[in-house]
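>>> take a look and give me a structure for this.
(4 chains)
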2 protein chains.
Amino acid sequence: MKILIIEDTKSLAKTLADIIQESGGTADIVLDGISGLEYARSSIYDAIVLDVMLPGMDGFQILNQIRKEKVNTPVLMLTAKSEVKDRVHGLNIGADYYLTKPFEIAEFSACLNAILRRKDSGVNDVIQFGDLSLSPASHEVTCCGRSIRLNSKEYELLRLLILNKNNIVSKELILSKIWGYDSDATDNNLEAYVSFLRRKLHLLSSKVAICVVRKVGYYLEEKV
Amino acid sequence: MKILIIEDTKSLAKTLADIIQESGGTADIVLDGISGLEYARSSIYDAIVLDVMLPGMDGFQILNQIRKEKVNTPVLMLTAKSEVKDRVHGLNIGADYYLTKPFEIAEFSACLNAILRRKDSGVNDVIQFGDLSLSPASHEVTCCGRSIRLNSKEYELLRLLILNKNNIVSKELILSKIWGYDSDATDNNLEAYVSFLRRKLHLLSSKVAICVVRKVGYYLEEKV
DNA sequence: ATAAATTTTAAGAGTAATTTCAGCTTTATT
DNA sequence: AATAAAGCTGAAATTACTCTTAAAATTTAT
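Numbers count the residues shown, from 1 in each chain, chains lettered A, B, ... in the order given. Model (predicted):
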């Protein structure tokens, strides 16, 4: 379970991250709006906890933008103001829940769980594309009853591609998400893994293909 | 980050351009209102710094005109007069920020950053022209339900033409934007890509045509 | 410590993107 | 109408990106 926390009050962000960790997830913290948007864009998170008042760019703008870009990660908004008008606005532009500060830890957990449940994108939920289903619990990919176990890089690569279905995932993004921001991995590392993954999909006789857009990145397609 | 500076006081324009360059951007300087409007029309800039008093055509007129033409590049207005009336007028006709001369460099930077952030330039938004829509996420152009994927140069070319809808995009600009400032690509390279793109639009039976203005450049037009 | 699995590296083959070029078409000018 | 200049387009040539594979290096598990 990977949660993105966009919140400029460090202490609060830290507390929320701890809560998430205690229940077995991981959290990335971002302290300003600009970086917040950047992180939120990648669909790798299971949920986003989003403060309204932020330096750089406010929560509404971030939410608006990512929804416009068809990123549908569930969003839990936090706000100090409890005006009905704001609440309505937030929900209208695609927030999944609106929590007014201050709040109890229990309430926060409950909300987060609720929105994770609703979107059924929790950690242990199987994600699917075409005839493939990918099980986070076992790192196995299944197609028509047969399964193959993926190693962790193969798994993350396929997960990233499925979460961004219908979109090209840039090589840059893949490298930074899977190998890490500061890694010196080259395109060739990624190419090798694409090749490994293709072979496994082939072994399963899947109809899903990993397609390349030269100079840009990869995307999944279902063959007819 | 590309900024257009429309300001007739050369020294000031130069200083602002330097500030922008120091923070990693590039700036084009234009010294009079008429050319200012011409440049501002192309939507390729991330922001415009616009002086009010200019030879040829004043800042208000330029702003008025480009907003009328649906160019929504963020605009930071500079003025010597600090009358509330002017300020209100500027903001009403679509300025994003109003800065009174003289101002501190820090203040200028802050304002510019603020307006850049606010609009966030929408890099990932789907853009449209006529019956075409172009999706940055998938590099696909869609027309009446059918889609074709474009390779990276075709995509960039179409994107540039759509962003500059209703304006002629000079061959020079296209070459420098897509092939790079220092590339030795010739007009014929561009012609070849125009040809590729036309073929794909034809395959989609789009009503959009890529028209040429001899010796100048290309623009999009919707056939009737 | 050894074996097994994973990850990286490297090189050659394969393929799509890009450039080049020649011949043709269109437009402008006299 | 003739001529020149500019643009278009299809085919061939070239370039650069990607794929695949095998082997080396590293990490993890036993």
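
>>> which stretches of chain A have low pLDDT?
Low-confidence segments of chain A (pLDDT under 70): A:24, A:81-94, A:111, A:114-115, A:117-125, A:181-182.

>>> what number of residues lie near the residue of chain A at minimum distance from chain B?
Residue of chain A nearest chain B, by Cβ to the nearest Cβ: A:Asn167 (4.1 Å). Yep, even glycine has a C-beta here, placed from its N, CA and C like the rest. For A:Asn167, the count of nearby residues is 22 (other Cβ atoms under 10 Å in any protein chain shown).

>>> got it, and the one 3 residues further on?
Each residue near A:Ser170 was counted by other Cβ under 10 Å, and the total is 16.

>>> what's it in contact with, if anything?
Counting by Cβ atoms under 8 Å, 6 or more residues apart in numbering or on different chains, A:Ser170 touches A:Val216, A:Gly217.

>>> hmm, 6 Å instead?
A:Gly217 (Cβ atoms under 6 Å, 6 or more residues apart in numbering or on different chains).

>>> show me what it is bridged to.
Judged by DSSP bridges, the bridge partners of A:Ser170 are A:Gly217.

>>> ok, now how distant is it from B:Gly56?
43 Å (Cβ to Cβ, to the nearest Å).

>>> enumerate the residues of chain A near DNA strand C.
Within chain A, the positions adjacent to DNA strand C are A:149, A:151-154, A:179, A:183, A:185-186, A:188-189, A:192-193, A:214-215 by Cβ under 7 Å from any atom of the strand.

>>> helices of chain A, residue ranges please.
A:10-22, A:33-41, A:59-68, A:84-92, A:105-119, A:152-163, A:171-174, A:187-203 (DSSP state H).

>>> in a markdown table: these, plus distance to chain B and mean neighbour count.
Output for the helices of chain A, formatted as a markdown table (distance: least, Cβ to the nearest Cβ, whole Å; neighbours: other Cβ atoms under 10 Å in any protein chain shown):
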| stretch | distance to chain B | mean neighbour count |
| --- | --- | --- |
| helix A:10-22 | 20 | 15 |
| helix A:33-41 | 6 | 19 |
| helix A:59-68 | 6 | 20 |
| helix A:84-92 | 17 | 13 |
| helix A:105-119 | 20 | 15 |
| helix A:152-163 | 13 | 19 |
| helix A:171-174 | 12 | 18 |
| helix A:187-203 | 15 | 14 |
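
>>> and those helices as TSV, adding distance to B:Thr79?
Putting the helices of chain A into TSV (distance: least, Cβ to Cβ, whole Å) gives the following:
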stretch	distance to B:Thr79
helix A:10-22	39
helix A:33-41	28
helix A:59-68	27
helix A:84-92	33
helix A:105-119	47
helix A:152-163	48
helix A:171-174	41
helix A:187-203	49
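
>>> for B:Ser23, which of those is the nearest?
helix A:33-41 (13.7 Å; Cβ to Cβ).

>>> now the closest one, how far from the centre of its chain.
12 Å (Cα atoms, centre = their mean, to the nearest Å).

>>> what does stretch A:134-152 give?
Worked out by Cα atoms, centre = their mean, stretch A:134-152 lies 19 Å from the chain centre.

>>> all good on my end, thank you.
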